[in-house]
Structure formats: structure tokens, C-alpha cells
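quick one, structure for this:
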Amino acid sequence: MSILEVKTLSMHFGGLAALSNLNLTIQEGEIRGIIGPNGAGKTTLFNVISGVYRPTSGHILYMAGKRIDGLSSSKIAKMGIVRTFQRTALYHDFTVLKNVTVARHLQTKENIFGVLAGTFKKMEKEYVKKALEIIEFIGLGHLKNELAADLPHGHQRALGVAIAIACKPKVLLLDEPLTGMTPTEKAQMIGLIRKVHQQGITILMVEHDMRSVMELCDYISVLDFGTLLVEGTPDEIQNDENVINAYLGTEDLVTVCTSS
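Numbers count the residues shown, from 1 in each chain. Predicted structure coming up:
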């Protein structure tokens, strides 16, 4: 059953079409990879789905046909579509625990300024308890009292996922979750994405690391100049001549497509 549908979606910036009549159907419970060369429209697609941009035309349907195109980012997040960013959005002067606790508060009607102005002790016990559970689940329990600014890059990205989980997503949009990571950090993040998926969360992932995409994703959509080039399983995508041609000069994909 589909959980998210993109219907004839277009996004123009002046005379430039970043997305053009794009159609996608995301099935509930899958890990969907969104790939394509630089400038293909991947991040623009995430921006439109998450409410950062209002589309020029077309619409987006979520869970039983609810239209979400044009809604604010906060409303879309509260409906269960939550996004991480290429650059992790953290409160760097807050501890790991406080970052996740604040994210829990953002899902309520409580004024965020009241949350930030209050002391840690005044935060409701239930939010702190749930935040601790999420931190343990992510594997950062031993760092709960560390400042976000002091965490290594891989742990900061994991904290970004923890913050997203605290917002109770049904659909999680991961925007380049492996960027800048060492091989060890990538392996840890891949394991974390799988754990999150096993909680029943549908995942859309934009990522340039093709080996990781092929390893993680059930199905892959390839964008090129804002249009859908092809879709398929990882095996189908690796052997599709149109995909290989679109990626000519991109070493990672050429290596993946010609291996095995």
C-alpha cells in the first residue's frame, strides 16, 4: 500500500525547472533510494515534500490521499513526515539528551521559547524518559551528557537521526546521511538505518554513496534534470544503460555497475 505519492510535480526557479512533471509512488515500509547526478533535483524533491518549498504545480498525497503540498514544514512534520538535512541541524551548545528532549517538546503544542527558557529540571519526566530511550536505541546512551558540538561527525549525524525519531515519523527523509563519514562511521550508520526501518518507519534516502544505496534500498528511483529517468531494484538499476550513461564520470556508480 502506498504511503506517499508525488503526482506530476514541478518546481521552477525563474526559468529553471528543478523538477518537471515528476511522478513517484512510495510503498509503506520500504527503503527507497533517490539517486541522480548533481543537479538532478533530489534535494529539491525533499524540500517540496517536507514543505520547505511550495511546488509550482502538481501535488503530493500522504496516507489515504491527504494532500500535503503547500502545507508548512511544521504541519507536515507533525503529520509524520520528518526530514534530516545534509548539514546536521543541532543545538550545538545543548547536550545529546537535551537535543532529543527538545525535539520531543516540538511535537507538542508547547511554545518552544518556553522550553528553551526553562531549566532542564523543569522539562517533563516523560519527555526525558522517552529521549533517553531513543538515545539508547541510537547507540549514544554513553554520550547523553556530552555537548553536541563536541561529538565526532558520525555521532553528530546519528544524533540528527535521534532528533528525527523523537518527532515520531511514519516517513523519514534522509538527506545524504553518509556524507563525510569514514568507512567505520558509514557501517555504523547503515546499521542504524536498518534498525530504524525495523521499527516500521518508511525511509526515503538521497545519497551519493552508491555502494551503500545498493546495499540498503529495496527500490531505487533515478532522477536526471528533474525528471524520473528509471526505477527498479538495485540489480536492475546497476545494469541499466540509461543510468550508467547518466552517471558517466561518476566513479562510484561505474564501479558498482561493473562489479560482480
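
packing partners of the helix or strand that contains residue 215?
Assessed by DSSP states H and E, residue 215 sits inside helix 210-216. Secondary-structure packing of helix 210-216 (3 or more C-beta pairs under 8 Å, 6 or more residues apart in numbering; DSSP states H and E): strand 31-35, helix 183-197, helix 234-238, helix 251-258. Every residue, glycine included, has its C-beta placed from N, CA and C.

beyond it, next helix or strand please.
Of the helices and strands lying after helix 210-216 in sequence (DSSP H and E), the nearest is strand 219-224.

could I get the CA-only coordinates of the helix or strand following that following strand as PDB?
With elements assigned by DSSP H and E, the helix or strand that comes after strand 219-224 is strand 227-232. Taking Å, rounded to 0.1, in the frame of the first residue of the first chain, the C-alpha atoms of strand 227-232 are listed here in PDB:
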ATOM      1  CA  THR A 227      12.600  14.100 -14.300                       C
ATOM      2  CA  LEU A 228      12.300  10.400 -13.500                       C
ATOM      3  CA  LEU A 229      14.900   8.500 -15.600                       C
ATOM      4  CA  VAL A 230      14.200   5.000 -14.400                       C
ATOM      5  CA  GLU A 231      13.100   3.000 -11.400                       C
ATOM      6  CA  GLY A 232      13.900  -0.600 -10.300                       C
END
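
how near is the spatially closest residue to residue 21 that is not a sequence neighbour to residue 174?
Using C-beta to C-beta, 6 or more residues apart in numbering and skipping the chain neighbours, the partner closest in space to residue 21 is residue 8 (5.0 Å). Look at residue 8 and residue 174: by C-beta to C-beta, to the nearest Å, they are 25 Å apart.

more neighbours, these two?
Of the pair residue 8 and residue 174, residue 174 is the one with more neighbours under other C-beta atoms under 10 Å, namely 27 against 13.

quick one: strands adjacent to the strand or helix carrying that one?
Per DSSP H and E, residue 174 falls inside strand 171-175. Strand 171-175 has the following strand partners under DSSP bridges: strand 81-83 (parallel), strand 202-206 (parallel).

that strand vs helix 183-197, what angle?
Counting by axes from the mean of the first three to the mean of the last three C-alpha atoms, to 10 degrees, strand 171-175 lies at 160 degrees to helix 183-197.

compute the inter-axis angle for strand 171-175 and strand 31-35.
Using the same axes, to 10 degrees: strand 171-175 against strand 31-35 is 30 degrees.

now do strand 171-175: distance to the chain's middle.
Taking C-alpha atoms, centre = their mean, to the nearest Å, one finds strand 171-175 lying 2 Å from the centre of the chain it belongs to.
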